[in-house]
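J.: how does the following fold in three dimensions:
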Amino acid sequence: MVQTHELSAHPAFQPARVRGVSVRWNELGDGRLMLRYRVDGCEALVLPPFRGHGQGDDLWKTTCFELFLYDGEGRYRELNFSPSGQWALYAFEGYRNRAGQAVLRDYPEIRHDRGTSVFVQTVFVDSAILLGAERAALAAVIVEEGGRPSYWALAHNGLRPDFHDPFAFRVAIEGGAAR
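T.: As a prediction, the model looks like this:
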C-alpha cells in the first residue's frame, strides 16, 4: 500500500527556506518497506558528509530522517536514516527508556538525490521491521545553512520538539502493514 504523509515543522523551530517535508510509504512486493522523504525548498539544506554505509550514533544532530514503530504496549523502536549513509536503531521499553541493543536483520539501503529545489532521500528496509508494530511516526530533522534546525513530524504536542511523544504516532499498522 502506498501512502504519502505530510510532515509539519515544530512552531518554535521554523525553517528558513524549506517549504515542506513529506514521506511516501510504500510496502514493496519483494518484502521491503520503501520510505521516500522529500524536502521542498532545499536550497539552503545542509547535508552531513558521507561516512560510509553502516551503523552510527547521534545522526539526529544533523539532517536526518526518522521512523518510529510503537507496539501498543508502551514499547517502541526508533530508526534514523542519515544522508551520510549511516543508520541507527534503538529500542525503548517506555517513553525515552532505552531497552538495550536492537538488531536489524538486514542493513537499510539509503540513497539520495538533490535538485535545485527538491531533495529526496529513499530508504529501503526489510518489512519485517513492521512486525509487532501497531502505529508508526515519521519525522525529520532538517538543518539549513547557518546551523538553523527545524523539526518535522506528523504532529507536535508540546513547546519543544519531541519525536518520542506518543501523540505523533499517527500511521496505523495492521498485520505488519500500514493502513
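J.: where's residue 29 relative to residue 65, distance?
T.: Applying Cβ to Cβ, to the nearest Å, the value for residue 29 to residue 65 is 23 Å. Backbone N, C-alpha and C define where each C-beta goes, glycine included.
J.: go on, residue 33?
T.: For residue 33 relative to residue 65 (Cβ to Cβ), the value is 13 Å.
J.: more neighbours: residue 29 and residue 65, which one.
T.: With neighbours defined as other Cβ atoms under 10 Å, residue 29 and residue 65 compare such that residue 65 has more, 30 against 5.
J.: contacting residues for that one?
T.: 23, 35, 37, 80, 81, 82, 121, 123, 139, 140 (Cβ atoms under 8 Å, 6 or more residues apart in numbering).
J.: which helix or strand contains it?
T.: strand 64-70 (DSSP states H and E).
J.: need the residues that contact the helix or strand following that strand.
T.: Downstream of strand 64-70, the first helix or strand assigned by DSSP H and E is strand 76-81. Identification of contacts with strand 76-81 by Cβ under 8 Å, 6+ apart yields 35, 37, 59-60, 64-70, 87-92, 102, 108, 110, 121, 123, 125, 129, 133, 163-164, 169.
J.: so which helix or strand takes in residue 121?
T.: Counting by DSSP H and E, residue 121 is found in strand 118-126.
J.: that strand packs against which elements?
T.: strand 32-40, strand 64-70, strand 76-81, strand 109-114 (3 or more Cβ pairs under 8 Å, 6 or more residues apart in numbering; DSSP states H and E).
J.: partner strands of the helix or strand just after the third one, with direction?
T.: On the C-terminal side of strand 76-81, the closest following helix or strand by DSSP H and E is strand 86-94. Using DSSP bridges, the strands paired with strand 86-94 are strand 54-55 (parallel), strand 76-81 (antiparallel), strand 97-101 (antiparallel).
J.: among these, show me which one is buried the most.
T.: Neighbour counts (mean count of other Cβ atoms under 10 Å) averaged over each of those peak at strand 76-81, with a mean of 23.
J.: now that strand: average pLDDT?
T.: The average pLDDT within strand 76-81 is 96.
J.: that strand to strand 109-114, inter-axis angle?
T.: 50 degrees (axes from the mean of the first three to the mean of the last three Cα atoms, to 10 degrees).
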